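Colleague: how would this look folded up:
(one chain, ligands or ions: 1)
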Amino acid sequence: MSYKFQTKCIYGNLDSTSCDQSGAISFPIYQSATFAHPGIGNSTGYDYSRLQNPTREQLEKVVCALENGYDALAFSSGMAAITALMEIFNPGDHILSGNDLYGGSIRLFNKINRKNLLNFDFVDTSKEDIETYIKPETKAIYVETPTNPMMNVTDIRAIADIAKRHNLLFIVDNTFLSPYFQNPLDLGADIVIHSGTKFLGGHNDTLAGFVVINSKELSDKLRYVIKTVGSGLAPFDSWLILRGIKTLAIRMEQQQKNAITLATWLESYPLVKSVYYPGLPSHPGYDIMKKQARGFGSMVTFEVESKDLVVKILGNVKLIRFAESLGGVESLITYPITQTHADVPPAELATNGVTDTILRLSVGLESVDDLIYDLSQAFH
Ligand SMILES: Cc1ncc(COP(=O)(O)O)c(C=O)c1O
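Modeller: Okay, here's the model as predicted:
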C-alpha cells in the first residue's frame, strides 16, 4: 500500500499501528547504544546503534517512502551523507559535477576526495553539453537543482538519459526542493542527497543528512560504509527530524507562497538588480521546473547594486536573521561569499556569478507582510 505524500510524511508507507508495540503515537527515542540478544545467531534485528537503531530506522523508512527509493540512510549531517557516498568510489574514478554547488560540497571534493585520488570536473549542467566531458574513468554525474546559491536548473531527465547511455551513476542533491516538490529517482536519477538540516527538519534546530538509493546493490555498499565509518544520525536527532517531517507538506506550501510574493516584490524593487527564483516566468529554468517539479521552493537569491548596500541590508534586517542555513520556519538571509561559499576558489565563484553583491534568502513561515516590511526598511 502506498499512501499519498502528506500521509507518508507522518507514517512513511507503514501501517500506523505497526510503528511501536506500546501504541505510542510519537515514535519512541531508543536511546540505547547496544541491544541484547537472546543467544548466538539469534538477533532482535538490532545489534549496536552505529549499525542501526529503531528510531533512525523509522526515520529512514519515512524518507525512503517520500523519495520513492529502495533504501534511505540517515547521517549526522548533509556533509556526512555526501562524504559516506564518496566512499563507494575508488582511486582514479572521475566524477562530473555541477559547478554551482553548496560550498561545503566543493570543499569536500577539492580538499578531501582529491587527496584520496578521486578526480572532478565542474561544469554548468544547466547549460553545457556535458557529454563532451565524459572520460573512460568517469563513474558518476553529481548535480544540485536548483543550485546553491544561483538557482540554476538542470534537466534531470536529460542528464539521466546521458548517465544511462554511459553507464554512470547519477546523483542529485535535492535539498532545495525537498521530496515534497521533486523526486529525482522518479526522473531517472540513481541516488538522492538531502541535507536534512534544511526543509526536512524544518526548524533550524538539528543537523542531519540522507542518501536515498534506487537499488539493493547501492544499499549494500552504503550500509557497509555507514557501519564502518560511524556517521549515522543519533536517536534523539532522528526523532527531531521525524517530528519535523510531519509538517513538511504544509510548510513547503506556505513557505513557497511567501517566496513567490517576496520574489515578485524584489523583482520590481528599484534597488534590486536581479532576482534568481525559478518560480518567476523570467527565470531561464522556469519551463524545466514546471516539467520536473511540483513547485519552485522558497529559496530566493538576489543581486543588489553595490557591496555597500549589502553591508547596509545585513546590518539593518531585524526580523530576518543574517545567518547561514536554510529551509526552516525562520527566514534567514545569507551572504554566500563570506559564509556558505567562503572556501570556494575565487575563480570558481566568479565563473558561477557568486559575487560580493549576491544575497540569498531562505523564506520562512512569518507573515509575508512583515518580511517585506523588514527588507524594505533594511535597504535604507
Ligand atoms: C544543497 C546543500 N547540500 C548539502 C549541504 C550540507 O548539509 P549540512 O549542512 O547538513 O551538512 C548543504 C548545507 O547548506 C546544502 O545547502
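
Colleague: quick check: the residue of this structure nearest the ligand.
Modeller: Of all residues in the chain, Gly78 sits closest to the ligand, with a separation of 2.2 Å (C-beta to the nearest ligand atom). From N, CA and C alone the C-beta is placed, and that goes for glycine too.

Colleague: in this protein, which helix has the most residues?
Modeller: Here the longest helix in the chain is taken by residue count, with DSSP state H as the criterion, and it is helix 248-267.

Colleague: pLDDT averaged over the helix or strand just after that helix - what is it?
Modeller: As assigned by DSSP states H and E, the chain's next helix or strand after helix 248-267 is strand 272-276. Taken as a whole, strand 272-276 carries a mean pLDDT of 98.

Colleague: show me what counts as buried in strand 272-276.
Modeller: 272, 275-276 (16 or more other C-beta atoms under 10 Å).

Colleague: cool, stretch 146-159 as well?
Modeller: For stretch 146-159, by 16+ other C-beta under 10 Å, it's 146-156, 159.

Colleague: from Ala378, how far out is Lys246?
Modeller: Distance check for Lys246 against Ala378: by C-beta to C-beta, to the nearest Å, it reads 33 Å.

Colleague: who has more neighbours, these two?
Modeller: Ala378 (19 against 16; other C-beta atoms under 10 Å).

Colleague: wait, isn't the more buried one in contact with Phe322?
Modeller: No. The pair Ala378 / Phe322 is not scored as a contact, 9.9 Å apart, by C-beta atoms under 8 Å.

Colleague: pretty sure Ser97 sits in a helix.
Modeller: No. With the criterion set as DSSP: H, G, I helix; E, B strand; the rest coil, the secondary structure at Ser97 is strand rather than a helix.

Colleague: so which helix or strand takes in Ile141?
Modeller: Take DSSP H and E as the rule and Ile141 turns out to sit in strand 138-144.

Colleague: what parts of the chain come near the ligand?
Modeller: Proximity of the chain to the ligand, by C-beta under 6 Å from any ligand atom, involves residues 77-79, 102, 104-105, 144, 148, 173, 175, 195, 197, 207, 209, 340.

Colleague: can you name the two of those that sit furthest apart?
Modeller: Between all members of the residues of the chain next to the ligand, the longest pairwise span (C-beta to C-beta) is found for Glu144 and Leu207 and amounts to 18.4 Å.

Colleague: neighbour-wise, which of these two wins?
Modeller: Set Glu144 next to Leu207 and count neighbours by other C-beta under 10 Å: Glu144 wins out with 25 against 19.

Colleague: and the nearest residue in space to that one that is not next to it in sequence, backbone torsions?
Modeller: The shortest distance from Glu144 to any residue other than its chain neighbours is 4.3 Å, reached at Asp173 (C-beta to C-beta, 6 or more residues apart in numbering). Note on Asp173: backbone dihedrals following degrees, to the nearest 10 are phi -80, psi 110.

Colleague: between the buried residues of strand 272-276, which sits nearest Leu117?
Modeller: Taking C-beta to C-beta as the measure, Leu117 lies nearest Tyr276 of the buried residues of strand 272-276, at 35.3 Å.

Colleague: flag the shaky bits of the chain, pLDDT-wise.
Modeller: Across the chain, the ranges flagged by pLDDT under 70 are 1, 16-20.

Colleague: helices of the stretch 51-200 of the chain, start to end?
Modeller: If you assign secondary structure with DSSP state H, counting those that start in this stretch, the helices in the stretch 51-200 of the chain sit at 54-66, 78-86, 103-107, 156-165, 178-181.

Colleague: please identify the deepest-packed of the ones you listed.
Modeller: For those, the stretch with the most neighbours on average is helix 178-181, a mean of 26; neighbours defined as mean count of other C-beta atoms under 10 Å.

Colleague: list the contacts of that helix.
Modeller: With C-beta atoms under 8 Å, 6 or more residues apart in numbering as the test, helix 178-181 has contacts from 5, 63, 66-67, 192, 194, 198-200, 248-249, 252, 256, 293-297, 327.

Colleague: buried subset of these?
Modeller: Buried positions within the contacts of helix 178-181, assessed by neighbour count (16+ other C-beta under 10 Å), are 63, 66-67, 192, 194, 198-200, 248-249, 252, 256, 293, 295-297, 327.

Colleague: burial count for Ala33?
Modeller: 9.

Colleague: give me the neighbour count for the nearest residue to it once chain neighbours are set aside.
Modeller: With C-beta to C-beta, 6+ apart as the measure, Ser49 is the residue that lies nearest to Ala33, at 5.2 Å, once sequence neighbours are left out. The burial count assigned to Ser49 is 20, neighbours taken as other C-beta under 10 Å.

Colleague: enumerate every residue touching Ser49.
Modeller: Applying C-beta under 8 Å, 6+ apart, the residues contacting Ser49 are 30, 32-34, 56, 232, 235.

Colleague: repeat that for 7 Å
Modeller: Ser49 makes contact with 32-33, 235, according to C-beta atoms under 7 Å, 6 or more residues apart in numbering.

Colleague: in helices only, show me the residues you listed.
Modeller: Counting by DSSP H, the contacts of Ser49 contribute Pro235 to helices.

Colleague: before we move on, the earlier item: looking at the buried residues of strand 272-276, which is nearest Glu305?
Modeller: Taking these together and measuring to Glu305 by C-beta to C-beta, the closest member is Val272, at 8.4 Å.

Colleague: count the residues that sit near the residue nearest to the closest one when sequence neighbours are not counted.
Modeller: Using C-beta to C-beta, 6+ apart and skipping residues adjacent in sequence, the residue nearest Val272 is Leu266, 5.0 Å away. Using other C-beta under 10 Å, Leu266 is surrounded by 24 other residues.

Colleague: I'm done for today, thanks for sticking with me.
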